[in-house]
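> sequence plus the predicted model coming up.
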There are 2 protein chains.
Amino acid sequence: MARQNTVFKEAYNRYAAALRTDTALPSEPEIAAQLGVSRSTARAILTRLSEEGIIRWNKRQKIVLRQPTDHDLFPSEETDSLHDIIERSFMQRILADDAAPGMQINELELAREIGTGTTSVREFLIRFSRFGLIEKRPNSHWTLKGFTREFALELADVREMFELHSAAEFGRLSRDNQSWADLAAIRDEHHAMLADINQRFKDFSVLDERFHLLIHRASKNRFIADFYDAIAIVFHYHYQWNKTAARQRNERAIHEHLDYIAALESRDQAAIETACRAHLHSARQTLLQSLPQIATETA
Amino acid sequence: MARQNTVFKEAYNRYAAALRTDTALPSEPEIAAQLGVSRSTARAILTRLSEEGIIRWNKRQKIVLRQPTDHDLFPSEETDSLHDIIERSFMQRILADDAAPGMQINELELAREIGTGTTSVREFLIRFSRFGLIEKRPNSHWTLKGFTREFALELADVREMFELHSAAEFGRLSRDNQSWADLAAIRDEHHAMLADINQRFKDFSVLDERFHLLIHRASKNRFIADFYDAIAIVFHYHYQWNKTAARQRNERAIHEHLDYIAALESRDQAAIETACRAHLHSARQTLLQSLPQIATETA
DNA sequence: ATTTTGTTTTTTATCTACAATAAACATTTT
DNA sequence: AAAATGTTTATTGTAGATAAAAAACAAAAT
């Protein structure tokens, strides 16, 4: 098997699920654009839909004959991209309790465990290495540096530098910039979440990511944006495995965000810096407290 | 050919060049450690030295029979690692005049041009992508973002944040830290270079890199260190192709460095910040002026 | 004249294989 | 016993092959 057709399968599921009986489908290029795939893939989807008797397809005529059932869709295991599968599997491994800093990472072993080729694992590790959690010795193995206290502190330092910079830039955006509307929407969502905090505190991490991403985008700096991508992925997995006191922690963060948003909306640079610092300080504490107490790097 | 033996060839050249007739060589593990390779490779080197009649080898007895000549060494084309070859070739391409931002990068074409497999090119591009000069659209081609004005400004912004941070940390190092001695040595080298600036201005870039690296190391932050690695590589190639007014530019930078070093040695945080800002401001101007395109505005 | 469909070509993503290198194990020498 | 050498095994680095996906080209329909 040279390449998996997960793009096709995932897009097929997405498109099939949205079909409504007796409607006519648009042109091939339009379908392709809707799904974000090439026309070749769009045609493959139409071909299969036709073969399965879900649509009748003759040149420009594409009519939905019946609603697809769950049975028509590809199972979810087959629609994940290999990269995502490897990422999940790898993060699970390195955030597990027995993953000690300094541990060697074996490409072949990882590949076998995940059921994939070594090339893909290798490429994943190279991409992943920019997050600073693993390191390679040339011609030899990868080493797990681990989610240690040092890592958290270094991450927090850079994050603070970047976010202070981005927040200041945000405060300088012209009043008609779209970001102000986006910020207002996010502010409202914070209020809504706060009103129903006991039920919804678990949704905070998604909102948190969107909020900080909006701020970082204001800097229009690719290095800052890339770094935030890295943070987001690391946090995503980390907090998924570390749910201690999530409700309290999140409620507090929401209040800080609201102060921070108010400061941004005031466009007062001094107020922005104060609110930003306050939130980052507490985020740093949260991060440090979430670490397994033992993990300390030896190097 | 599955893998090139450049590690062996490069280490062989290194070791052969240092041999002196009639001396006895140390044990295999010691040779391996000296060269920074595995004992297997060290043994391969000894085997070849023996076959070529350069040493007599019998178990622990390893005696140098004759001085190796240039003829005994591997030609330099064969000792470069594939990664370096690809890097050089690729940088040459993207810094060439006809490399316009937005240009597509084709893995197969690059591989054929360099005379290598696609896998290596792919891995190189993934690694290289963290420098922000290229970008990938999944399932599709890489795009050259290019050494543009935006790139230079974004790079300079992050560099300034990081270096101000690192310089401040440097100023807080305890007096007995090795870095102070290293800094003094670098200071003296600056004076030496200045005394003979007309001959030696070309060596400045190496000194410049060592100086800034020393400062960044003080931060003990992997993200800052990694970013500086990226800068160093990009600058290395960029200034190699852009030699306009190198002498003047470098002389000025040396003076700024000396002010900066003096400020660091004063351990006065305000003075450090002032000198650091002054140098970074001028480095930014230098970078912007070196760009192929049009005029620069003052930031 | 554009847009759509039909067809072919190009390029990427991924697997497998294998030599180079590192690492581990076994034996000998000091 | 510790260190060195001898031998075997494990792991990485790289090429080459191939299916999936994208892109380009050609013909037809509005």
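Done, it's in.
> contacting residues for whatever residue of the stretch 51-200 of chain A ends up closest to DNA strand C?
Proximity of the stretch 51-200 of chain A to DNA strand C (Cβ to the nearest atom of the strand) peaks at A:Gly117, 2.7 Å away. In short, each C-beta sits where N, CA and C put it, glycine included. The contact partners of A:Gly117, by Cβ atoms under 8 Å, 6 or more residues apart in numbering or on different chains, come to A:Ala111.
> A:Ala111 too?
When contacts are counted by Cβ under 8 Å, 6+ apart, A:Ala111 touches A:Gly117, A:Thr118, A:Ser120, A:Val121.
> how about the residues of the stretch 1-150 of chain A near DNA strand C?
Taking Cβ under 7 Å from any atom of the strand as the contact definition, the stretch 1-150 of chain A meets DNA strand C at A:1-4, A:6, A:26-30, A:39-40, A:43, A:59-60, A:62, A:81-83, A:116-120, A:123, A:137, A:139-141.
> let's see 6 Å
Selection of the stretch 1-150 of chain A residues close to DNA strand C by Cβ under 6 Å from any atom of the strand yields A:1-4, A:27-29, A:40, A:59-60, A:81-83, A:116-120, A:139-141.
> looking at chain A, which helix or strand does the model trust least?
Using mean pLDDT, DSSP states H and E, the weakest-scoring helix or strand in chain A turns out to be helix A:197-200, at a mean of 86.
> what pLDDT, on average, does the following helix or strand past that helix get?
Downstream of helix A:197-200, the next assigned helix or strand under DSSP states H and E is helix A:204-217. Helix A:204-217 shows an average pLDDT of 94 in the prediction.
> quick one: residues in contact with helix A:204-217.
With contact meaning Cβ under 8 Å, 6+ apart, helix A:204-217 is reached by A:162-163, A:166-167, A:170, A:179, A:182-183, A:186, A:189-190, A:193, A:224-225, A:228, A:232, A:235-236, A:239, A:250, A:253-254, A:257, A:264.
> near chain B, which of the residues you listed show up?
Among those, the residues that sit close to chain B (Cβ under 8 Å from any Cβ of the partner chain) are A:Phe162, A:Ile224.
> if any of the contacts of helix A:204-217 are buried, give me the PyMOL selection for them.
Here is the PyMOL command that selects the buried residues among the contacts of helix A:204-217 (16 or more other Cβ atoms under 10 Å in any protein chain shown):
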select buried, chain A and resi 162+163+166+167+170+183+186+189+190+193+224+225+228+232+235+239+250+253+254+257+264
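> tell me which of the contacts of helix A:204-217 fall in helices.
A:162-163, A:166-167, A:170, A:179, A:182-183, A:186, A:189-190, A:193, A:224-225, A:228, A:232, A:235-236, A:239, A:250, A:253-254, A:257, A:264 (DSSP state H).
> which pLDDT value goes with the residue lying closest to A:Gln61 once chain neighbours are set aside?
Once flanking residues are discounted, A:Gln61 sits nearest to A:Ala24: 7.4 Å by Cβ to Cβ, 6 or more residues apart in numbering or on different chains. On pLDDT, A:Ala24 comes in at 95.
> now A:Ala24: how far from A:Ala42?
Distance, A:Ala24 to A:Ala42, by Cβ to Cβ, to the nearest Å: 16 Å.
> looking at these two, which one has more neighbours?
Remark: of A:Ala24 and A:Ala42, A:Ala42 carries more neighbours, 23 against 10, as counted by other Cβ atoms under 10 Å in any protein chain shown.
> hmm, A:Ile31 and the more buried one touching each other?
Yes. With contact defined as Cβ atoms under 8 Å, A:Ala42 and A:Ile31 form a contacting pair (4.5 Å).
> show me what from chain A comes close to chain B.
Looking at chain B, the residues of chain A close enough under Cβ under 8 Å from any Cβ are A:7, A:119, A:122-123, A:126-127, A:130, A:132, A:139, A:145, A:151, A:154-155, A:157-158, A:161-162, A:165, A:219-224, A:226-227.
> derive a PyMOL selection command for the buried subset of those residues.
Here is the PyMOL selection string for the buried members of the residues of chain A next to chain B, based on 16+ other Cβ under 10 Å:
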select buried, chain A and resi 7+122+123+126+127+130+132+145+151+154+155+157+158+161+162+165+219+221+222+223+224+227
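> what's around A:Ser205, how many residues?
When neighbours are defined as other Cβ under 10 Å, A:Ser205 has 17 of them.
> repeat for A:His71
By other Cβ under 10 Å, 5 other residues sit near A:His71.
> for it, grab phi and psi.
Here is the backbone geometry of A:His71 (degrees, to the nearest 10): phi -70, psi -30.
> the one 10 residues further on now?
Summarising the backbone geometry of A:Ser81 under the convention degrees, to the nearest 10, its torsions are phi -70, psi 150.
> and A:Leu95, what is it in contact with?
Residues near A:Leu95 by Cβ under 8 Å, 6+ apart: A:Phe147, A:Tyr237, A:His238, A:Trp241.
> for it, what are phi and psi?
Phi and psi for A:Leu95, reported as degrees, to the nearest 10, are phi -100, psi 0.
> just the helices in chain A please.
With DSSP H as the criterion, chain A has helices at A:6-17, A:28-35, A:39-51, A:82-94, A:107-114, A:118-128, A:149-171, A:178-195, A:197-200, A:204-217, A:222-240, A:246-266, A:269-289.
> any idea how far the residue lying farthest from the centre of chain A lies from chain B?
Taking Cα atoms, centre = their mean, the residue of chain A most remote from its mean C-alpha position is A:Asn58, at 39.8 Å. Remark: distance between A:Asn58 and chain B (Cβ to the nearest Cβ, to the nearest Å) = 29 Å.
> so what pLDDT did that residue get?
Looking at A:Asn58, its pLDDT is 94.
> and A:Leu287, by the same measure?
On pLDDT, A:Leu287 comes in at 89.
> which parts of stretch A:91-103 are buried?
A:Met91, A:Arg93, A:Ile94, A:Leu95, A:Pro101, A:Met103.
> any part of that stretch near DNA strand D?
No. If you take Cβ under 6 Å from any atom of the strand as the test, stretch A:91-103 misses DNA strand D, and the best it gets is 12.0 Å.
> quick one: terminal-to-terminal distance for that stretch?
14 Å (Cα to Cα, to the nearest Å).
> off-centre distance for it?
21 Å (Cα atoms, centre = their mean, to the nearest Å).
> now it: average pLDDT?
Stretch A:91-103 comes out with an average pLDDT of 87.
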